[in-house]
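Q: Fold the following, please.
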Amino acid sequence: MSGTVRLAVAAALSLVLSACGARKAEPVQGPPTVAVSAPLQREIVDWDEFVGRFEAVDEVEVRPRVSGYVRSIHFRDGDLVRKGQLLFVIDPRPYEAALAQARAEVRQAEAQAARAKLELERAQKLLETGFVSRAVHDARLAEARSAEAAVGAARAAEQARALDVSFTRVTSPISGRVSDRRVSVGNLVAAEGAEPTLLTTVVSLDPIRFAFTGSESVYLKYQRQNRDGSRPSSRSAANPVEIQLQDETGYAWRGRMDFVDNALDTGSGTIRGRAIVPNPDLFLTPGMYGRMRLLGSGAYPALLVPDAAVMTDQSDKIVLVVASGNVVQPRKVELGPLVDGLRVVRAGLEAGDRVVVEGQQRVRPGMKVVPQPGRIVAQAPTAPRPDVVSPPAAQATAAANAE
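A: Okay, the predicted model is just below:
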């Protein structure tokens, strides 16, 4: 081997030995640091979700009570109206003439009754002196009574004609929002027949109802909870609800249950339910779609962890805990819903477990770690905690503004 080759080999060997020495000089890394905390313990309730639509508490079809031509219309299509507000005027002239005739007939009947009374008084005096027979007196008595009855009939007819005149002014039967007019000025509208002419409709807006259906299995769950006393039935208690509109991410609208039907639909296997929701700014409109959460249980103690602390192992959900010797162990858990930003753990954890809440990505089961104290903090609740044992409320809870 030439000197040049020996020199190159020696240089390469020197570099290899130098690199090995550098690797041996690197410090050995210690166990990773993770934040741990015991699960948060809290009394919670479950919520069941349903879909449904808002509907008016009152929806009225406005139809005429007398026939005639529409003389005038006194609202704009889609306006808010008050109870008793004038909507339509039907030509009153035929009914005013009929009322005048009825009043004249009352006066005529009163005059005839007065005359019959005088005849009866005269017959009474003559009967006492023996100048008329009992038969004549009885005839005068019958005529007087008949005349009094005629006065009553005439006055009743006058009241009926007066009502007809008042019915020519069609007013709103409720407060709410009116639909569009279904007739125009000059149209002939009919009050008689199987279906009187539809003039318009009015729906109430505050409060408003939310109608939905629930499955038989959910209904059975509520029945059993009511029997064991853990949750009162919505038939006897105004259980709270929360509603989310189509374009919302949270449940901002609050209400109370006010109706559960008396039977299940045998065709669909569902039962109808209804909640009442305050709507003071009239934002909610009948027909709107919504998702509703209904109080689904009584209060019970639960363990909560951050949702980020939950990992997936194939089809299982696991949480990493630091066991004795500061060794990481996986725990298979059964999860519940999110409550104030935290995940409910129904099974798999104990109250004293040290759950890894930060640094999960740096560790794996079986590794030794350096645990540091962490915190589990719940978000502020979006609504007051429901009182699940209170008696039925007379009024619904205050509505939240979704805007």
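
Q: Low-confidence stretches in the stretch 201-350 of the chain?
A: Residues of the stretch 201-350 of the chain that meet the criterion pLDDT under 70 are absent altogether.

Q: which stretches of it form strands?
A: Ranges of strands in the stretch 201-350 of the chain, per DSSP state E, counting those that start in this stretch, are 208-215, 240-245, 253-260, 270-277, 289-295, 300-306, 310-313, 316-322, 328-332, 334-339, 342-347.

Q: Would you mind saying which of those strands lies nearest residue 124?
A: Nearest to residue 124, of all these, is strand 253-260, at 66.7 Å by C-beta to C-beta. From N, CA and C alone the C-beta is placed, and that goes for glycine too.

Q: Compute the inter-axis angle for that closest one and strand 208-215.
A: Computed by axes from the mean of the first three to the mean of the last three C-alpha atoms, to 10 degrees, the angle separating strand 253-260 from strand 208-215 equals 60 degrees.

Q: Can you list the buried residues in strand 253-260?
A: By neighbour count with 16 or more other C-beta atoms under 10 Å, strand 253-260 contains the buried residues 253, 254, 255, 256, 257, 258, 260.

Q: That strand - contacts with which helices or strands?
A: strand 240-245, strand 270-277 (3 or more C-beta pairs under 8 Å, 6 or more residues apart in numbering; DSSP states H and E).

Q: quick one: which of the buried residues of strand 253-260 is nearest residue 314?
A: Nearest member of the buried residues of strand 253-260 to residue 314, counting by C-beta to C-beta, is residue 253, at 39.3 Å.

Q: Which strand residues bridge that closest one?
A: residue 243 (DSSP bridges).

Q: From residue 278, how far off is it?
A: Distance, residue 253 to residue 278, using C-beta to C-beta, to the nearest Å: 9 Å.

Q: Same check on residue 150?
A: Using C-beta to C-beta, one obtains 56 Å as the distance from residue 150 to residue 278.

Q: One more: residue 248?
A: Counting by C-beta to C-beta, the gap from residue 248 to residue 278 is 17 Å.

Q: quick one, which of these two is more surrounded?
A: Taking neighbours as other C-beta atoms under 10 Å, residue 248 and residue 278 compare with residue 278 leading, 19 against 14.

Q: Got the phi and psi for residue 112?
A: Main-chain dihedrals, residue 112, degrees, to the nearest 10: phi -60, psi -40.

Q: How are the helices of the chain distributed by residue range?
A: 3-25, 93-129, 134-167, 216-228 (DSSP state H).

Q: what about dumping the CA coordinates of the shortest one to PDB?
A: As requested, C-alpha coordinates have been extracted for helix 216-228 and formatted as PDB (Å, rounded to 0.1, in the frame of the first residue of the first chain):
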ATOM      1  CA  GLU A 216     -91.300   5.900  21.800                       C
ATOM      2  CA  SER A 217     -88.000   4.900  23.400                       C
ATOM      3  CA  VAL A 218     -87.400   8.400  24.600                       C
ATOM      4  CA  TYR A 219     -90.900   8.700  25.900                       C
ATOM      5  CA  LEU A 220     -90.500   5.400  27.800                       C
ATOM      6  CA  LYS A 221     -87.200   6.800  29.300                       C
ATOM      7  CA  TYR A 222     -89.100   9.900  30.500                       C
ATOM      8  CA  GLN A 223     -91.900   7.800  32.000                       C
ATOM      9  CA  ARG A 224     -89.500   5.700  34.000                       C
ATOM     10  CA  GLN A 225     -87.600   8.800  35.200                       C
ATOM     11  CA  ASN A 226     -90.900  10.300  36.300                       C
ATOM     12  CA  ARG A 227     -91.800   7.100  38.200                       C
ATOM     13  CA  ASP A 228     -88.500   6.900  40.100                       C
END
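
Q: That helix: which residues count as buried?
A: 218, 219, 221, 222, 225, 226.

Q: quick one: strands adjacent to the longest strand along the chain?
A: Using DSSP state E to define each element, the chain has its longest strand at strand 47-56. Its sheet considered, strand 47-56 pairs with strand 208-215 (antiparallel), strand 289-295 (antiparallel) by DSSP bridges.
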